[in-house]
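Visitor: The sequence and its predicted three-dimensional model are supplied below.
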Amino acid sequence: MSEVVRRVRAGGGWSRPRGGSRKSNTAPRPWGVALAPVLILTLFFLYPLALIVRQSFQPVSAYADVFSSELFRTALWTTVWIAVASTVGCLVLGFVLALVIAFVPFPGARTVSRFIDVYLSFPSFLITLALLFIYGTTGIVGSFQFLATPWGVLLAEVTYFTPFVMRPLLAAFSQLDTAQLEAASSLGARAPRIVRQVILPEALPALAAGGSLVLVLCLNEFGIVLFTGAKGVTTLPMLVYSKAILESDYSGACVVAVVNVLISVGLYGLYRVVSRRAGA
Amino acid sequence: MLVHSRKAKWAVWLVFLVLFLPLFALPLLVVLGASFATNWSGVLPSGFTTAHYTAATRGESLQALTTSLVTALTASLLALALGTWAALAAAGLKKRQRRLLDALFVLPVAVPSVVVGLAILVAFSKPPLLLNGTRWIVIVAHTVLVTAFAYQSVSAALVRLDPAYEQAAASLGARPVYVLWRIRLPLLLPSLTAAAGLCFALSMGELSATMMLYPPDWTTLPVLIYSATDRGALFAGSALAVVLMTATLLVLLVVSRVRTRASYR
């Protein structure tokens, strides 16, 4: 109560809607303040990107050369299908795990969700490093070249990126009113039905946001693929690296880079629109 | 809440464990186990040794650790300054301009980091700004990559900031700079430290852009881990990876202590 009174006095009788848009009464700052960071970003990010686009047209035939190469088309297809499959895997797995943590809590569930936060701060190649011991030539499971196939990359990406889906889901679940679940349950709905008709609709925005972020991150993933050391799996970022650093074919690398950027930025734009719609 | 009978609950938990442990706990345990071993051909590693750690904390490896720490600290501080400045500036703009700035500063997340590395390599390999071959090219790339995360966390915190305090200060005659320094930044301190921790962790583990750019005398720890595993020294690589994780976690721990102290002030 006293909090309200103080607010009213301080702000001169306005009230701020929770989580709503914030309107500052202080004078709007001019564009000049924003200019410095924008200039720095332009110099170190936009200008280099523009150079890549320019270089990709020198010679003009670079696009035709790259597009006609079998390696590029395979890499494009491999990148897209692994990314889509990983995203689906992360969504299913993340949904199930988050569901258990949030709605069938067990002792230590909080520790698990904190562990997930820590997990996010580790680099992705650790997963491949671990898988090398499990599935590598002298590994636990034995000598079969599982990691050198796209399935190895898929497993590593699902493992690494599932927490990226779980975090927004857990945040969304914590805002869900449990009274809804109790009501549905007391009206005779069983667990699968409650999940389908009460929880899933509430989780859709978080699923959409998390899923599209993971899709973009999978399309751009480099460390996981690099560490498998598989010659059989070439993705677009891998192709950029091998063309530029190993073959010194900068024009070709720039063409692949432009294609990769177009796909990823397009999808990320979609993600921003979706998450804004979802009121994130 | 969702499952009421005791039996069903245990079944659900069992499924959770079966999914969670092999996927998330096992990789970390495997790396940890391997870092103490010389040999892994059965179910468990064998040949206990701490020699990998002795090697991982001296010479080339120690230098790589310092390189990573210096790079990550510099890049995250630069990114924090840049991101906070941009987020504060964006908060004062009109809606359309703010959206533009949002899109601009979030773009580095969407662009593959390998491409960011290639772009910076192409742009700064020739005068007037010749950075290629120096440590600065790595630091610049890391800064560009993590600025987006700093910007996002700070602007999310700005939306939640209660404007009553700054309005009260302004109504009492405080200048905008004074309000910024004494009111807004102290209130933002918890999220600023969180953003700094995030940037630091991301920069410590950055591999893709670094692989495109690193000069021979500025090898970061992830690059060293890659070259170790590439030549087949998996066990030594695991020890380096554990060192990397430990260093990251220690810094995050310090940062989170600063954060709790800041939020109770």
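Guide: Perfect, thanks for sending it.

Visitor: which residues of the stretch 1-150 of chain A score low on pLDDT?
Guide: Along the stretch 1-150 of chain A, the model assigns pLDDT under 70 to residues A:1-31, A:136-145.

Visitor: Quick check: B:L19 touching A:L93?
Guide: Yes - look at B:L19 against A:L93 with C-beta atoms under 8 Å: they come within range, at 6.7 Å. Any C-beta I mention is one placed from the backbone N, CA and C, and that applies to glycine too.

Visitor: Please say which of the two ends up with more neighbours.
Guide: Remark: of B:L19 and A:L93, A:L93 carries more neighbours, 19 against 15, as counted by other C-beta atoms under 10 Å in any protein chain shown.

Visitor: Do a quick rundown of the strands in chain A.
Guide: For chain A, applying DSSP state E gives no strands.

Visitor: Relative to B:G197, how far out is whatever residue of it ends up closest to chain B?
Guide: When scored by C-beta to the nearest C-beta, chain A has A:P123 as its residue closest to chain B, at 2.8 Å. The gap separating A:P123 from B:G197 is 15 Å, by C-beta to C-beta, to the nearest Å.

Visitor: Return the backbone torsion pair for B:N39.
Guide: phi -160, psi 140 (degrees, to the nearest 10).

Visitor: neighbours around the closest residue to it other than its chain neighbours, how many?
Guide: Of all residues not flanking B:N39 in the chain, B:G47 sits nearest, at 4.4 Å (C-beta to C-beta, 6 or more residues apart in numbering or on different chains). Residues lying near B:G47 (other C-beta under 10 Å) number 10.

Visitor: what's the answer for A:V60, then?
Guide: A count of neighbours around A:V60, defined by other C-beta under 10 Å, yields 8.

Visitor: give the contact list for it.
Guide: Residues near A:V60 by C-beta atoms under 8 Å, 6 or more residues apart in numbering or on different chains: none.

Visitor: returning to that earlier point: which residues touch the residue nearest to B:N39?
Guide: B:G47 makes contacts with B:A37, B:T38, B:N39, as judged by C-beta under 8 Å, 6+ apart.

Visitor: Now for those, which sits with the most neighbours around it?
Guide: Neighbour counts for those (other C-beta under 10 Å) peak at B:A37, which has 19 neighbours.

Visitor: Could I get the phi/psi values of the closest residue to the residue of chain A closest to chain B other than its chain neighbours?
Guide: Leaving aside its sequence neighbours, A:P123 sits nearest to B:G205 (C-beta to C-beta, 6+ apart; 2.8 Å). In terms of degrees, to the nearest 10, the main-chain angles of B:G205 are phi -100, psi 0.

Visitor: Okay, B:G205 and A:F122: tell me how far apart.
Guide: Distance, B:G205 to A:F122, using C-beta to C-beta: 6 Å.

Visitor: Next: A:V195.
Guide: To A:F122, A:V195 is 30 Å away according to C-beta to C-beta.

Visitor: Now for the chain: which helix has the highest residue count?
Guide: Let's take chain A. In chain A, taking DSSP state H as the definition, the longest helix is helix A:70-103.

Visitor: nope, chain B please
Guide: If you go by DSSP H, chain B has its longest helix at helix B:59-91.
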